[in-house]
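Engineer: Turn this into a structure:
(one chain, ligands or ions: 2)
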Amino acid sequence: MDRNKVKLGIAPIAWTNDDMPELGSENTFEQCISEMALAGFTGSEIGNKYPKDPKILKQYLDPRGISICNAWFSTLFTSEPEEVTINNFIKQRDFLYALGAKMIGCSEQGNSIQGTKKAIFYAKPVFTEEEWMKVTKGMNKLAELAAEKGMKVSYHHHMGTGVQTPEEVDKFMNMTNDNVYLLFDSGHLAYSELSSKACYDVLDKHIKRVAHVHLKDVRMEIVNEVKKNRLSFLEGVKMGVFTVPGDGIIDFQPIFKILEDSDYEGWMVVEAEQDPSKANPFEYALKARKYIKKNTGI
Ligand SMILES: O=C1C[C@@H](O)[C@H](O)[C@@H](O)C1=O
Ligand SMILES: [Co+2]
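Structural biologist: Ligands and ions are numbered 1, 2, ... in the order given. Okay, the predicted model is just below:
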């Protein structure tokens, strides 16, 4: 891979988990970004311990050679009036713009069960046609708002949401304009379909509109346990359903090949939330960095 085209980031969720802040509450913001840099990454997403003022945040990141490449944004098109999402989005866009980021990764959270106690495999929302229209028309609007600042939006398909399966990703892509991109997350597809084949198929099919990548691996024995015992998404995370690339069942070679063959330009972000008291985040960051180097040359 060409290091001038593909940049490597890592998400702070392995140090402190935004969805369960008690996981890794002992890890400080400075430790997190210092260890990211030490492990050989140059990009990060936003975590809940990061300073909210972009100027202050940059004062910490710049000396460590880290830049912000993206941040999660929850859309609420299916549960709130559209202007709620639009107003929140403009604030998030302007915050990220001030940090020099070019990407805003969105996910519809209106009826998401990812933060609830519901069984992740049995209670995900299925959008009605009206909800599909709300989400896709809304995303088209966000793409226009992002473009005002020279930025892009990408959509994060996710377990426990209305855009989880390969068929739902297809439908989302078909119903949105070409300036709405896909945030490809390997872990969520392998988890949803109980196989890594789904990752390769979706990436291959939509590669022209993939603008941001989350490299996440899964431990399939835990996926099976989550399914069998009707556990929630967060219970699965605590049990170690996710891990860094190279440590689970996904072979990332085909993923790297599809990205390289299509001349992908952008970020690949290691995102592997697990319990930091069981999986030391620095150790796992190093492990991920080594695997990526070995398999991509960058
Ligand atoms: O991109 C992501 C952000 C997290 O908050 C989320 O739950 C995780 O699984 C993910 O892929
Ligand atoms: Co992700």
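
Engineer: Quickly note the distance from the spatially closest residue to Lys208 that is not a sequence neighbour to Asp201.
Structural biologist: Among residues not flanking Lys208 along the chain, Ser262 sits closest, at 7.1 Å (C-beta to C-beta, 6 or more residues apart in numbering). Every residue, glycine included, has its C-beta placed from N, CA and C. Distance of Ser262 to Asp201, given as C-beta to C-beta, to the nearest Å: 15 Å.

Engineer: Might one say that Gly297 is in contact with Met1?
Structural biologist: Yes - using C-beta atoms under 8 Å, Gly297 is in contact with Met1, at 6.0 Å.

Engineer: Neighbour count: those two, which is higher?
Structural biologist: Neighbour count, other C-beta atoms under 10 Å: between Gly297 and Met1, Met1 has more, with 17 against 11.

Engineer: any idea how far the nearest residue to the more buried one once chain neighbours are set aside lies from Glu265?
Structural biologist: Spatial nearest neighbour of Met1, excluding adjacent residues (C-beta to C-beta, 6+ apart): Thr296 at 4.2 Å. Separation of Thr296 from Glu265 (C-beta to C-beta) stands at 14 Å.

Engineer: Now for the residue of the stretch 101-250 of the chain found nearest ligand 1, how many residues are close by?
Structural biologist: Evaluated by C-beta to the nearest ligand atom, the stretch 101-250 of the chain has Asp185 as its residue closest to ligand 1, separated by 5.0 Å. A count of neighbours around Asp185, defined by other C-beta under 10 Å, yields 24.

Engineer: Could you look up the SS state of the nearest residue to it once chain neighbours are set aside?
Structural biologist: Leaving aside its sequence neighbours, Asp185 sits nearest to His214 (C-beta to C-beta, 6+ apart; 3.9 Å). Three-state call for His214 (DSSP: H, G, I helix; E, B strand; the rest coil): strand.

Engineer: And for Ser79?
Structural biologist: coil.

Engineer: Contact distance from ligand 2 - what residues of the chain qualify?
Structural biologist: 185, 214, 271 (C-beta under 5 Å from the ion).

Engineer: Any chance of a markdown table for the residues you listed, columns pLDDT?
Structural biologist: A markdown table is the format used below for the residues of the chain next to ligand 2 (pLDDT from 0 to 100):
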| residue | pLDDT |
| --- | --- |
| Asp185 | 99 |
| His214 | 99 |
| Glu271 | 98 |
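
Engineer: re earlier: residues contacting the residue of the stretch 101-250 of the chain closest to ligand 1?
Structural biologist: For Asp185, the contacting residues are 156-158, 213-214, 216, 271, by C-beta atoms under 8 Å, 6 or more residues apart in numbering.

Engineer: ranges for the helices of the stretch 51-200 of the chain?
Structural biologist: For the stretch 51-200 of the chain, the helices defined by DSSP state H, counting those that start in this stretch occupy 54-61, 82-98, 129-147, 166-175, 186-193, 197-206.

Engineer: what angle separates the third one from helix 166-175?
Structural biologist: With axes from the mean of the first three to the mean of the last three C-alpha atoms, to 10 degrees as the basis, helix 129-147 and helix 166-175 are set at 60 degrees to each other.

Engineer: which residues touch helix 129-147?
Structural biologist: For helix 129-147, the external contacting residues (C-beta under 8 Å, 6+ apart) are 75, 77-78, 82, 85-86, 89-90, 93, 104, 106, 108, 110, 127, 152-153, 155, 162-163, 171-172, 175-177, 179-180.

Engineer: is the residue positioned nearest the centre of the chain in a bridge, and if so with what?
Structural biologist: Of all residues in the chain, the one closest to the mean position by C-alpha atoms, centre = their mean is His214, 5.0 Å from it. Bridge pairing for His214 (DSSP bridges) gives the partners Asp185, Val269.

Engineer: so it touches Leu183, yeah?
Structural biologist: Yes - His214 lies in contact with Leu183 (C-beta under 8 Å); the separation is 6.7 Å.
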